[in-house]
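Novice: Using only what follows, build the 3D model:
(one chain, ligands or ions: 2)
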Amino acid sequence: MEVVKRGFVRACKNHSYLSYELIDNILSPLCANHKVSKPSSKESVKVFVSEINDSLNDLGQSLVFIKYPIKGEEYLVYVKTDATPDSVSNTGLTPEECQYFSKLLDRIAAEEDCNIPWNAAYSELLLQGTSKTVKKSRMQELLQKWTQMGYFMELDERIFLGPRSLVELSFYLGSHHEEHIKNCMLCKCLVLWDTRCGSCNIQFHRECIHTYLQRRDICPSCGNLWTTPLRRSTDSSQ
Ligand SMILES: [Zn+2]
Ligand SMILES: [Zn+2]
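Specialist: Ligands and ions are numbered 1, 2, ... in the order given. Prediction:
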């Protein structure tokens, strides 16, 4: 099993973020080759991942599941535990290119719903105050690379914070953009694009508030009756 785990971690590093479908596509041949039984249910995949994390955490790395409402999917994200916007982008890039990553991240995070129109990502305003500019074609190349790595997500001609940023840079985002980016009161993880209380407008993960409302019918924050209808947004059946 150890060799399967090592192979799986390598695949997670390469893909950065993985849907359950991709996880299954990776584990099927890996387990077959090494003649071990494949973790097939979501629960068994989670147990498999938590066993891997026991040894990964010492190396400053982690595999984290996150629900991502923009795609209605849950992803497994590979993260370095002490990452900052500067450390994320520093491999083989010029200082201006690194700055582009930080400025783009901040630009998106400063929006109420943490997304911008795609063409705003190439705005020269982003690089104001830096000594050199980055060519537009280079910006497109970098954005494509960072999107593949899960730091950003493109959907309907808009660019959103990606699943990897939400996990790996959650401390940075929560402390530098605390006006929009907050943790869910119930699970203490970052919550975006999810369900809101009709009275106080505070945001919760759908699953978290769904579980909470099975015992009570009031908002955990303001204490008023919960009125927002709940749909399960991240069911695997979608
Ligand atoms: Zn939550
Ligand atoms: Zn409320």
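Novice: ok, residues contacting the helix or strand of the chain with the lowest mean pLDDT?
Specialist: Using mean pLDDT, DSSP states H and E, the weakest-scoring helix or strand in the chain turns out to be helix 85-88, at a mean of 88. For helix 85-88, the external contacting residues (Cβ atoms under 8 Å, 6 or more residues apart in numbering) are 80, 98, 101-102, 105-106, 151, 168-169, 172. C-betas here are computed from N, CA, C, even on glycine.
Novice: Farthest-apart pair in the residues you listed, please.
Specialist: 80 and 106 (19.8 Å; Cβ to Cβ).
Novice: what mean pLDDT does stretch 146-157 have?
Specialist: Mean pLDDT, stretch 146-157: 96.
Novice: same question but for stretch 225-238, I mixed them up
Specialist: On average, stretch 225-238 scores 68.
Novice: and residue 158, what are its bridge partners?
Specialist: Beta bridges link residue 158 to residue 117, residue 155, judged by DSSP bridges.
Novice: hang on, isn't it packed against residue 116?
Specialist: Yes: the pair residue 158 / residue 116 is scored as a contact, 6.6 Å apart, by Cβ atoms under 8 Å.
Novice: Next, name the residue at the spatial heart of the chain.
Specialist: Centroid-nearest residue in the chain, with Cα atoms, centre = their mean: residue 163, separated by 1.7 Å.
Novice: Please list all residues in contact with that residue.
Specialist: Listed by Cβ under 8 Å, 6+ apart, the contact set of residue 163 reads 17, 66, 68, 75, 77, 150, 153.
Novice: Quick check on those: which are buried?
Specialist: Listed as buried from the contacts of residue 163 are 17, 66, 68, 75, 77, 150, 153; burial here means 16 or more other Cβ atoms under 10 Å.
Novice: Not counting stretch 98-105 itself, show me its contacts.
Specialist: Contacting residues not belonging to stretch 98-105 are listed as 85-86, 88-90, 93, 121, 126-127, 130, 134, 139, 142-143, 146, 151-152, 161, 165, 169, 173 [Cβ under 8 Å, 6+ apart].
Novice: How about it, which residues are buried there?
Specialist: The neighbour-count check on stretch 98-105 (16+ other Cβ under 10 Å) flags 98-105 as buried.
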